[in-house]
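Visitor: Could you look at this predicted model? Sequence included:
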Amino acid sequence: MSKSLKLYSVLGVASAALMVGAYNFADRFVAPMPQDAPRMAADSASPDMMFIAAARAQEAADAKRLGLGREALPEEIAAWNVDVRPDGSGLPEGSGSVMDGEELFVDYCAVCHGDFAEGVDNWPKLAGGDGTLADRDPVKTVGSYWPYLSTVWDYVHRSMPFGGAQTLSADETYAIVAYILYSNYLVDEDFVLSKDNFLEVEMPNADGFIVDDRPETEYGRFSEEACMENCKDSVEITMHATVLDVTPDEGAEAEAGAAMEEANADTAADEKIEAVAEAAEPAAESAAASEAPAESEPAAEGDALDMALVEEGESVFRQCKACHQVGEGATNRVGPQLNGIVGHPKAAVDGFRYSKTLESMGEAGEVWSEENLAAFLADPRGYVKGTKMSFKGLRKDEDIAAVIEYLKSFSQ
């Protein structure tokens, strides 16, 4: 036998063995096409679509053969049907007070949203922002932006607290939502939220949203044939750009030019005033330095300040800076600014909304004496029932004395 014949014989035997192995593999591991699998005509679908249809039919046949899957039971569907609608449908029975909500909020929510719902770092604010929606950087909170209270309840109940979603009971959810409302000055401190009075709560931005009617008013126009010429009988200029000379109208161009000249004149005048003021600053500073005493006396009770104690108080006051400001430019934040607070009437800082208890103390003529401040700093909630201040108080008497001395160093 020649070498060629021997080579062909070896190749033939190898091919036969390979085909036998492939057949056995397919017979063992490849499922046959079911007889009732839907088939599509070659001229009505691509090979890819035919493959997908066959695969789906195979999946259905396998599920039936293996007994996989079943229809969900009514109670299983009800367990997932937890959404709450703006009309209150879906709300469970239950209730929760502002006072209970404050404790729950501190335990579950304050780590991200702050004790007063003011937000921590990049976590969202839940309170404040009233009147800012028209600003360049609006503050969107439950009080300033959310139109429906049901959205607040639904989100808290389904998604909070972070890492422990759906662990809150209905009563706990009602209480936390009540506290969020209180933090936005939408309810009083004795308010109790329940299914019965849920719809009585008025959200400030309830009228700030409109119904999306585009499916009825616009979507149908998208399929219409586009107009390419003579689409309007006439074209008129209905508005003009402000200051910028971009509108092709002689009258508008003249008005824009005049406005631009007036703006330039105002700018030049402002720059001249600033230059004069800058030139006068050194002389004014020199005169003020010659007239001013060496040290300004702060408004405080009693004798001169203990500066060492003031320095200690500044360190302790860091615990208060998240809510209170002191010094030049201090403003009300979560809590009132504290300039001149020592010896000042209670609940008398302009522009801050106090609890009813503090307001009644102020109306009765009570004053923040050093003794009263010490009692308050030791136990804020015990001293003022219903206070919004969630800080539990300073434990050490020396810390309290240091903070009071520090506050005394800031005049009104």
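Guide: Sure, I can see it. The model shown is predicted, which means the values in this text are computed figures rather than measured ones.
Visitor: Every contact and neighbour count from this point should use C-alpha atoms.
Guide: Fine.
Visitor: part of a helix, is Asp171?
Guide: Yes: Asp171: assigned to a helix according to DSSP: H, G, I helix; E, B strand; the rest coil.
Visitor: tell me the contacts of it?
Guide: Counting by Cα atoms under 8 Å, 6 or more residues apart in numbering, Asp171 touches Gly94, Ser95, Gly96.
Visitor: who does the last one bridge with?
Guide: Put plainly, it is Gly96. Gly96 forms beta bridges with Leu193, as assigned by DSSP bridges.
Visitor: So it is in contact with Glu172, correct?
Guide: Yes: contact criterion Cα atoms under 8 Å: Gly96 and Glu172 qualify, at 6.4 Å.
Visitor: Next, count neighbours for the closest residue in space to Thr173 that isn't next to it in sequence.
Guide: Setting aside the residues directly before and after it, Thr173 is nearest to His157 in space (Cα to Cα, 6 or more residues apart in numbering), at 6.0 Å. Residues near His157, counting by other Cα atoms under 10 Å, number 24.
Visitor: Work out for me the element His157 sits within.
Guide: helix 149-159 (DSSP states H and E).
Visitor: Off-centre distance for that helix?
Guide: With Cα atoms, centre = their mean, to the nearest Å as the basis, helix 149-159 stands 14 Å off its chain's centre.
Visitor: Same check on stretch 320-338?
Guide: Offset of stretch 320-338 from its chain centre (Cα atoms, centre = their mean): 22 Å.
Visitor: how about that stretch: buried residues?
Guide: Across stretch 320-338, burial judged by 16 or more other Cα atoms under 10 Å covers Cys323, His324, Gln325, Val326, Thr331, Asn332, Val334, Gly335, Pro336, Gln337, Leu338.
Visitor: Need the max-distance pair from these.
Guide: Using Cα to Cα, the buried residues of stretch 320-338 span at most 13.2 Å, a distance reached by Val326 and Val334.
Visitor: Doesn't Arg353 belong to a strand?
Guide: No: Arg353 is assigned coil when assessed by three-state DSSP, not a strand.
Visitor: ok, it to Glu118 distance?
Guide: 15 Å (Cα to Cα, to the nearest Å).
Visitor: mind listing what's buried in stretch 85-100?
Guide: Using 16+ other Cα under 10 Å as the test for burial, stretch 85-100 gives Gly88, Leu91, Gly94, Ser95, Gly96, Ser97, Val98, Met99, Asp100.
Visitor: Could you give the number of residues near Tyr354?
Guide: Per other Cα under 10 Å, the neighbour tally for Tyr354 reads 18.
Visitor: and what of Asp83?
Guide: 16.
Visitor: contacting residues for it?
Guide: Asp83 sits next to Gly90, Asp154 when contact means Cα under 8 Å, 6+ apart.
Visitor: measure it to Leu149 for me?
Guide: Distance, Asp83 to Leu149, by Cα to Cα: 13 Å.
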